[in-house]
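Asker: Turn this into a structure:
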Amino acid sequence: MVVWIAEVTAVGIYMGISFPETPQWLWALSSIVMMGLINLIAVKVCGECDFWFALIKVVAIAAMIALGGAVILFDFTNDWQRIGLSNLWQHGGFFPNGIGGSMTGVVLNYFVPDKAFQYMIAAVTFTGLMVWIAILITQIQFRRSLSKSQVADLAYRAPWWHYS
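Answerer: Numbering: from 1, shown residues only. Purely as a prediction, here's the structure:
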């Protein structure tokens with residue numbers, strides 16, 4: 001399910017690039033509805049669609065790796081500036097902001113290899129929840145500071161916000 005949430009977000013972002021006038025949430029919602037309808041038709045069809053979409057992602061990743069290798073090996077240019085392996089050690093090299101983030105993952109995998117993924121997912125979930133709670137508190141405080149006419153003029157109305 002975590003993968004599908006990421007895929008739905010990616011659909012919204014990528015379709016927003018091609019169709020910037022359409023809101024991102026509309027693309028995400030339409031992809032959820034489409035996959036839900038496909039799943040209602042037959043679970044086998046949903047699994048088959050998931051397989052083909054995964055294959056498209058694998059082919060795209062392989063093509064990006066091949067193109068990146070070609071850029072480095074055949075010295076393609078970027079605005080007529082040479083590209084090569086020197087980018088690996090220029091601009092601060094590896095870990096220009098410190099090795100702390102990578103070392104956290106290494107230490108977790110060393111000391112608790114069977115639980116490292118669970119700890120990382122828990123940390124990400126906790127961080128996401130804290131962000132949403134901060135947004136919620138900010139919205140409640142913002143809406144309470146508005147007059148009734150200002151609330152009526154808001155582009156996005158929140159039903160029953162004054163009861164929250």
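
Asker: what mean pLDDT would you report for stretch 40-48?
Answerer: Averaging pLDDT along stretch 40-48 yields 80.

Asker: ah, wrong one, I meant stretch 121-141
Answerer: On average, the pLDDT along stretch 121-141 is 89.

Asker: ok, now stretch 51-63?
Answerer: 90.

Asker: Tell me where the protein has helices.
Answerer: Along the chain, counting by DSSP state H, helices occupy 2-18, 24-41, 43-73, 100-111, 116-144, 148-152.

Asker: list the buried ones in stretch 134-152?
Answerer: R143 (16 or more other C-beta atoms under 10 Å). Bear in mind the C-beta positions are built from the backbone N, C-alpha and C, glycine included.

Asker: okay, how far is it across it, tip to tip?
Answerer: Start to finish, the residues bounding stretch 134-152 are 24 Å apart (C-alpha to C-alpha, to the nearest Å).

Asker: Relative to the whole chain's centre, how far out is it?
Answerer: Its chain's C-alpha centre and that of stretch 134-152 lie 28 Å apart, by C-alpha atoms, centre = their mean, to the nearest Å.

Asker: Repeat that for stretch 131-139.
Answerer: That offset, for stretch 131-139, works out to 20 Å (C-alpha atoms, centre = their mean).

Asker: likewise stretch 115-133?
Answerer: On the basis of C-alpha atoms, centre = their mean, stretch 115-133 sits 15 Å off its chain's mean C-alpha point.

Asker: Identify the residues contacting that stretch?
Answerer: Identification of contacts with stretch 115-133 by C-beta atoms under 8 Å, 6 or more residues apart in numbering yields V2, G105, L108, N109, V112.

Asker: Isn't Q24 up against G12?
Answerer: Yes - with contact defined as C-beta atoms under 8 Å, Q24 counts as touching G12 (4.0 Å).

Asker: These two: which is more packed in?
Answerer: More crowded of Q24 and G12, by other C-beta atoms under 10 Å: G12, with 19 against 16.

Asker: Please give me every residue in contact with the more buried one.
Answerer: Q24, W25, L26, W27, A28, S31.

Asker: now do 7 Å
Answerer: Residues counted as contacts of G12 (C-beta atoms under 7 Å, 6 or more residues apart in numbering) are Q24, W25, W27, A28.

Asker: Any chance of JSON lines for the helices of the chain, columns distance to H91?
Answerer: Output for these, formatted as JSON lines (distance: least, C-beta to C-beta, whole Å):
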{"stretch": "helix 2-18", "distance to H91": "26"}
{"stretch": "helix 24-41", "distance to H91": "31"}
{"stretch": "helix 43-73", "distance to H91": "16"}
{"stretch": "helix 100-111", "distance to H91": "17"}
{"stretch": "helix 116-144", "distance to H91": "28"}
{"stretch": "helix 148-152", "distance to H91": "47"}
